[in-house]
Each structure stands twice: as structure tokens, then as C-alpha cells.
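Peer 1: have a look; sequence and predicted model below, questions after that.
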Amino acid sequence: MHEATKVISYDLVVTEDGRIVRESPPDQPVSFVAGVSESPPPRIQQALRDAQPGEVRTIEFPAQNRGAGARIFRATIRAVRPATPAECAQKRGRFFPFDLFDMGPLPGDAGQAIKRLEQYSLIPPYPWGQWIYAQQLLKICTQVPGDAIELGVASGGTSLLLGHLLKAHGRQVFSLDSFEGLPQPTSRDNRYFLAGDYEGDEPLLERFCGVVEQEGLTNVVIPVKGFFADTVPELEQPEHLCFAHLDSDLYDSVYCSLEGVYDRMSPGGILIIDDFFHHAQGPARACSVFFNKARIQPLYHVVFPYAVGIIKGEEPPANCRRSLDGNIYAFDWLADDPVFRESLELSLDRTVPDSGSRKQARLLIDVLDDNSPSSANIYRYWAALEDFWDGISATRSRDWKIKI
């Protein structure tokens with residue numbers, strides 16, 4: 001090693017309950033690698049995931065942003081020791097369920113497209129929402145007529161994915177968004193989102209149109225700009241829909257979307273409501289009011305982690321059980337997907353024995369394996385994703401906005 005190279009060593013620890021923490025030397029700052037990075041580089045992340053109880057391993061990696069003569073950082077991984085109370089309050093960011101969002105490329109053309117479009121996608125629905133949407137759409141698109149629509153485009157990843165999936169079938173994707181952020185929430189929304197959330201640091205419509213052209217989807221993905229209260233009632237096309245993705249977070253936006261698209265859905269078409277299990281609760285409340293008013297009892301197919309899907313015209317099974325929230329849920333889209341199941345098993349294998357993460361991963365597997373009708377399965381699903389829900393702040397500082 002060249003004598004001018006500076007080596008800075010840090011201890012990273014996998015605790016017995018599956019958390020990753022830092023133990024800096026007394027003469028070094030607490031921040032990881034002296035502020036060069038707030039999270040371990042990929043090689044360190046993988047080594048942490050693979051660390052076994054009692055194991056000590058050392059890995060070296062170059063500085064990402066060289067400064068003060070630093071060239072090499074050395075991380076020593078030590079597993080396992082008990083977590084402190086302060087560490088127990090931290091998110092278990094590298095184990096179940098969070099590692100499921102970073103599983104690497106998924107298989108097939110759809111998986112490659114999802115990975116390639118990651119830079120235009122929010123997490124979630126990337127990757128598992130998009131993966132499940134793709135699998136369900138590919139099952140029906142040759143039998144169910146109609147185009148696709150997305151209400152709530154964000155950075156455009158899902159619209160672009162739908163465009164690639166439907167282009168070969170001569171279908172179009174209509175992408176509706178204000179491209180200026182969310183409208184004002186109302187009293188029907190729990191206090192979380194702000195007007196202007198999801199606005200961009202640059203003009204979103206121009207950016208989206210540029211990516212559509214770059215992806216070869218001009219005349220396939222059709223942007224429609226404006227708030228839904230203005231655009232949806234005036235929407236003439238598409239006349240028929242095989243797929244709709246509602247991802248607009250707020251009660252009024254989702255209710256307006258349902259009014260505009262549900263009657264256009266072809267029998268057998270798929271309607272996705274994102275953020276259904278989000279703390280803000282606007283989408284779930286909008287669905288409850290809309291379908292109760294229409295005297296429709298939908299079967300909600302759960303999509304990891306917090307979306308649901310409805311098949312137009314599908315009746316709940318005769319032996320189903322209604323949950324205490326009044327809804328009927330099914331887990332078949334997850335339970336029957338071999339790629340998701342394999343990834344879930346891999347996530348379980350990475351967890352530390354007897355950790356909270358392992359117990360939660362095991363619980364989700366049990367929910368998916370349980371074919372008996374139960375009113376409590378949705379609550380077991382929520383319990384399995386406890387760390388995910390806890391990672392969504394119950395309150396927000398009112399002086400910052402969500403940017404894309």
C-alpha cells in the first residue's frame with residue numbers, strides 16, 4: 001500500500017435482532033466513513049447481510065469522495081451483540097422487509113424493464129408492485145380489451161413499464177397527473193400529505209415527455225396534464241380499459257379517479273389502488289365510499305407492500321371472511337408468484353436467528369401458506385410488515401415537502 005494512502009477503520013455490527021449499527025473509534029466521528037456516505041456501500045451491505053453470529057470479517061473499499069488524503073476505508077464486521085435501546089428504535093433497513101426492495105434484477109423481459117426503469121420509479125411500487133402488476137397484466141391483455149391508464153404518474157416509471165408491456169399489443173397508456181404536485185388534502189385524509197408534495201425540482205411534464213420519447217413510447221404513452229377534478233370529467237379517451245393504476249394518495253383524487261375509470265373497465269380488467277394501507281387512509285376511504293354507493297363488494301388482492309388490486313366483475317368466494325374494516329382480502333397474487341416467494345425465502349435466510357425481522361418474515365410466509373378463509377389474515381399481514389409501517393413517520397414536519 002502506498003505510504004501516502006490513509007486508512008480509516010470503522011466497526012460495523014449486526015445485532016442479534018438483525019439491525020446494522022456503527023461503532024466508531026473514540027477519535028473518529030460517529031457518521032459513517034467521516035461523512036463520505038450515510039449508508040454502507042454495496043459490498044459492505046452484502047457482507048453485512050451474509051455475516052453469521054460470532055463471525056468477524058474485514059473488508060476494504062475505496063473512498064467514494066476522496067478528501068483529506070483518504071483513499072481506503074476498512075470496515076470490520078462483527079456479529080453479534082445485543083442491541084441497545086437506542087438502536088432498537090432504528091429501522092432495520094438491511095433485513096426483512098426492507099431487503100425485498102433491493103433484490104437485484106427480476107427475471108424475464110418484465111424484470112429487466114423494471115430494473116432499467118428504476119431511476120424513474122418510487123419505492124414502492126418499485127419493484128414488487130410493478131412486478132405483480134406486470135404479471136397480472138400479461139395474463140389478461142390478450143383476452144381483455146382496452147387501454148391502460150395511470151392516475152398519479154410521479155416520476156413515470158409505472159407508466160413507462162405499462163407502455164413497454166402493451167406496445168406490442170397495439171394498446172396505449174394514458175398518464176394523468178398535475179405534474180405540479182398534490183392538490184390540497186381535505187378532512188377525509190389523515191394529516192400527512194401537503195399540497196405540492198411530489199412536485200419536482202425541474203418541470204415534470206417536460207422531463208416525462210423526454211423520457212417517453214427516449215424509451216420509444218411516443219404515441220404509446222400519452223401524458224394528460226391537470227388536476228383530476230378538471231381532466232377526468234372531460235376525458236374522452238380511452239373508452240375501454242384493461243388496466244388502471246390509481247396512485248394519487250388523497251381521498252378526493254382517488255374518488256374522482258374511481259368515478260372516471262371504473263365504468264370504463266372491461267370485465268376482467270384490473271384496477272390497482274396504491275397506498276391503500278398508507279397511514280393517510282385517503283385511498284381506502286375513497287374505495288369504501290365509492291363501492292358501497294355502487295353496491296359492489298370487491299375482492300381486494302393484496303400487493304406487497306401496501307397496494308390492492310380488483311378484478312372487474314369478480315365476486316368474492318362463497319366461503320370468504322370479511323375483516324373488521326369491512327373488506328374482503330385475498331393473498332393469491334403474492335402466494336402464487338414463485339419469484340416473490342423465492343425472494344421472501346431468501347430474505348428469511350438472511351435474517352439473524354430469533355430476531356424480530358426473522359419472526360416477521362416467517363409470519364408473512366405463514367400468511368401466504370394459509371389457504372383457509374380468515375377475517376384475521378389481513379391483520380397478520382400488517383403485523384408481518386410492522387417494521388415497514390413503523391418506518392413511515394406518523395407525523396411530518398410541516399416545513400418540508402416530498403420531492404421527486
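Peer 2: Yep, it's here.
Peer 1: helices along the protein, start to end?
Peer 2: 42-50, 85-88, 108-116, 128-140, 157-167, 204-214, 228-231, 251-261, 282-293, 332-335, 338-350, 356-369, 377-384, 386-390 (DSSP state H).
Peer 1: got the contact list for residue 132?
Peer 2: 303, 304, 309, 333, 334, 337, 340 (Cβ atoms under 8 Å, 6 or more residues apart in numbering). Backbone N, C-alpha and C define where each C-beta goes, glycine included.
Peer 1: what do you get if the cut-off is 10 Å, keeping everything else the same?
Peer 2: Counting by Cβ atoms under 10 Å, 6 or more residues apart in numbering, residue 132 touches 125, 272, 301-304, 307, 309, 333-334, 337, 339-340.
Peer 1: for residue 180, find the nearest of the helices of the chain.
Peer 2: helix 204-214 (7.4 Å; Cβ to Cβ).
Peer 1: who touches that closest one?
Peer 2: 117, 119-120, 153-157, 159-160, 163, 173, 175, 177-181, 198, 200-201, 203, 217-225, 404.
Peer 1: gap between that helix and the chain center?
Peer 2: Counting by Cα atoms, centre = their mean, to the nearest Å, helix 204-214 is centred 22 Å from the centre of its parent chain.
Peer 1: rewinding a little: for the contacts of residue 132, work out which two are farthest apart.
Peer 2: Longest span within the contacts of residue 132, Cβ to Cβ: 272 and 339, 18.3 Å.
Peer 1: who has more neighbours, these two?
Peer 2: residue 272 (24 against 17; other Cβ atoms under 10 Å).
Peer 1: so the more buried one sits against residue 241, correct?
Peer 2: No. With contact defined as Cβ atoms under 10 Å, residue 272 does not reach residue 241; the gap is 11.5 Å.
Peer 1: comparing the helices of the chain by mean pLDDT, which bottoms out?
Peer 2: Note on the helices of the chain: lowest mean pLDDT is at helix 85-88, with a mean of 40.
Peer 1: show me the shaky parts of the stretch 1-150 of the chain.
Peer 2: Across the stretch 1-150 of the chain, the ranges flagged by pLDDT under 70 are 1-94.
Peer 1: so residue 368 touches residue 330, yeah?
Peer 2: No. Assessed by Cβ under 10 Å, residue 368 is found out of contact with residue 330, at 11.0 Å.
Peer 1: okay, and the common contacts of the two?
Peer 2: 302, 377.
Peer 1: sorry, back to before: filter the contacts of helix 204-214 down to the buried ones.
Peer 2: Among the contacts of helix 204-214, the ones that count as buried by 16 or more other Cβ atoms under 10 Å are 117, 120, 153-157, 159-160, 163, 173, 175, 177-181, 198, 200, 217, 220-225, 404.
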